[in-house]
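Q: A predicted structure for the sequence below; I have some questions about it.
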Amino acid sequence: MADDRDCLWHPFTQQRGWAGEEPVIIERAEGTELIDTAGRRYIDGVSSLWCNVHGHRHPRIDAAVREQLDRVAHSTMLGLSHPAAIRLARRLVDLAPPGLTRCFYSDSGSTATEIALKMAFQYWAQQGDEGARRTRFISLRDAYHGDTIGSVSAGGIDLFHATYEPLLFDTLKAEPGDVADMDRLLADHPGEIAAVIMEPLVQGAAGMLVHPPGYLRAVRQLCDRHGALLICDEVATGFGRTGRMFACEHEDVAPDLLCVAKGITGGYLPLAATLATEQIYSGFLGEHADFRTFFHGHTYTGNPLACAAALATLDVFEEERTLECLQPKIELLAELLAGIEARPDVAEVRRRGFMCGVQLADHPVELRMGHRVTLEARRRGAIVRPLGDTVILMPPLAISETDLRRLLAITADAIDAASGSSAELRAAA
């Protein structure tokens, strides 16, 4: 514990505040529960940052990783290949929306979106005069696409990105859900837009902002009309989170580039993929001296252990009928959230499938109400995480209905307790 405070620097964490709290140190896990070094159990209410799908220590995935260890743990894909990467690419292409035929691996959601942006930019650059002016991107206000420089540039959450503004390239920002605004931006910049990048249906890190029905399909049609590519970032929404394998399926949309990560390995190992159409892939073909190669790669691209975990994860989707079994749990979640939304200290609940954000009522920033709810939930046996004053709930798809009820009950009690303590603090002030 002392070494944690002395040596570690945690992501998205104000370390001064961290040092003043009792840390939870997770030592092991079983199913949809995390267990700390003191033996306390917590429901994993955020799927270990939105990536765990079938639960922890799933025997099918464990066995696949162990079996791969008996073969090879890592081999580069620069100039070589390996069976697990080949099999997984075929599975992903077959699962993805139609027209996506090529799979480029990386190791995180940030790199998957960074790759998509670079692919779109270079694709147009290699189209000669036709694509020479297509150098700009449109993203959505409050978008989040990761933390590498390109993905941050495409993002729109000022709190995360303002510090790095001198390092970023400019993107046009469209109003989420507003078809007319997207049409205006495309029309105002004829022949200049390389691609529109968006999270389909739900903007996760923005606080689970849900788009109106038909918006994704309308954006696809606008991209076609104006000759721009469509990049769908399904890092958070993919692998069942919205009730279907990919969120694009809800509106029968096939993007030109699809970014996936998080749940691809069931939450076991870092892996991501950017899927592209054959048209985009063909734009990079040529003789060696043409230098049309996509000059991008990572040491752990297509890591064999991660690919083995991903293949097993897809097998479990089929064998356990995960998406079919999820539907009644989605209905139950909606029912349970209605009770939470009725609470006086809750302003709104936003949800799509198994992704939900509980927006708390307005409070002074210094009260950190979302964080207070997190601490109260932890005391009661659940891990939830706030985005500001929005409490995020995104449990593993495999969670039982009993534990789902318990998670929502804990969340409701935590909100009540945090509201009570904040009222006392305001009264004392």
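A: Yep, it's here.
Q: May I have the residues that are in contact with Gly381?
A: 40-43, 406, 410 (CB atoms under 8 Å, 6 or more residues apart in numbering). (Glycine included, C-beta is placed from N, CA and C.)
Q: With Ala273 instead?
A: 89, 92, 103-106, 112, 259-261, 264.
Q: try Ala228
A: 134, 138, 186, 193-196, 222.
Q: My understanding was that Gly31 contacts His56; is that so?
A: Yes. When contacts are counted by CB atoms under 8 Å, Gly31 is listed as touching His56 (6.4 Å).
Q: Please say which of those two ends up with more neighbours.
A: Using other CB atoms under 10 Å as the criterion, Gly31 and His56 rank with His56 on top: 24 against 17.
Q: Quick check: that one vs Ile410, distance?
A: Distance, His56 to Ile410, by CB to CB, to the nearest Å: 19 Å.
Q: Also Leu258?
A: Distance of Leu258 to Ile410, given as CB to CB: 35 Å.
Q: Settle it for me: which of the two has more neighbours?
A: Leu258 (28 against 22).
Q: Would you double-check that the more buried one falls in a strand?
A: Yes. Counting by DSSP: H, G, I helix; E, B strand; the rest coil, Leu258 falls inside a strand.
Q: Tell me if I'm right that it and Thr101 touch.
A: No. Contact between Leu258 and Thr101 fails when scored by CB under 8 Å: they sit 11.1 Å apart.
Q: what is in contact with these two at once?
A: Leu275.
Q: For PyMOL, what selects the buried ones among the contacts of Gly381?
A: To isolate the buried subset of the contacts of Gly381 in PyMOL, counting by 16 or more other CB atoms under 10 Å, use the following:
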select buried, resi 42+43+406+410
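Q: Please identify which pair of the contacts of Gly381 lies farthest apart.
A: Arg40 and Arg406 (14.8 Å; CB to CB).
Q: picking up where we left off before, with secondary structure, pLDDT and neighbour count added, can I get the contacts of Ala273 in JSON lines?
A: JSON lines is the format used below for the contacts of Ala273 (DSSP: H, G, I helix; E, B strand; the rest coil; pLDDT from 0 to 100; neighbours: other CB atoms under 10 Å):
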{"residue": "Ala89", "secondary structure": "helix", "pLDDT": "98", "neighbour count": "20"}
{"residue": "Leu92", "secondary structure": "helix", "pLDDT": "98", "neighbour count": "19"}
{"residue": "Cys103", "secondary structure": "strand", "pLDDT": "98", "neighbour count": "21"}
{"residue": "Phe104", "secondary structure": "strand", "pLDDT": "98", "neighbour count": "23"}
{"residue": "Tyr105", "secondary structure": "strand", "pLDDT": "98", "neighbour count": "26"}
{"residue": "Ser106", "secondary structure": "strand", "pLDDT": "98", "neighbour count": "24"}
{"residue": "Ala112", "secondary structure": "helix", "pLDDT": "98", "neighbour count": "32"}
{"residue": "Cys259", "secondary structure": "strand", "pLDDT": "98", "neighbour count": "30"}
{"residue": "Val260", "secondary structure": "strand", "pLDDT": "98", "neighbour count": "28"}
{"residue": "Ala261", "secondary structure": "coil", "pLDDT": "98", "neighbour count": "28"}
{"residue": "Ile264", "secondary structure": "helix", "pLDDT": "98", "neighbour count": "30"}
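Q: okay but Leu404 is in contact with Lys329, surely?
A: Yes. When contacts are counted by CB under 8 Å, Leu404 is listed as touching Lys329 (6.1 Å).
Q: what stretches of the stretch 301-429 of the chain score poorly on pLDDT?
A: 421-429 (pLDDT under 70).
Q: Just the helices from it, written as ranges.
A: 304-319, 322-341, 369-380, 401-428 (DSSP state H, counting those that start in this stretch).
Q: export those helices to TSV and tack on distance to Met182?
A: Below are those laid out as TSV (distance: least, CB to CB, whole Å):
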stretch	distance to Met182
helix 304-319	33
helix 322-341	29
helix 369-380	30
helix 401-428	35
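Q: Any idea which of those gets closest to Ala276?
A: It's helix 304-319; of those, that one is closest to Ala276 (CB to CB) at 18.2 Å.
Q: Show me which positions of that closest one end up buried.
A: 304-314, 316-317.
Q: again with stretch 127-137
A: Of the residues in stretch 127-137, 131, 134, 136-137 count as buried by neighbour count, 16+ other CB under 10 Å.
Q: Then stretch 320-327?
A: 322, 326.
Q: now that stretch, how far from the chain's geometric center?
A: Centre-to-centre, stretch 320-327 and its host chain are 20 Å apart (CA atoms, centre = their mean, to the nearest Å).
Q: in what helix or strand does the residue nearest the centre of the chain lie?
A: In the chain, the centroid-proximal residue (CA atoms, centre = their mean) is Ala236; its distance is 2.2 Å. Assessed by DSSP states H and E, Ala236 sits outside every helix and strand.
Q: Would you mind confirming that it is in contact with Glu199?
A: Yes. Counting by CB under 8 Å, Ala236 touches Glu199, with 6.7 Å between them.
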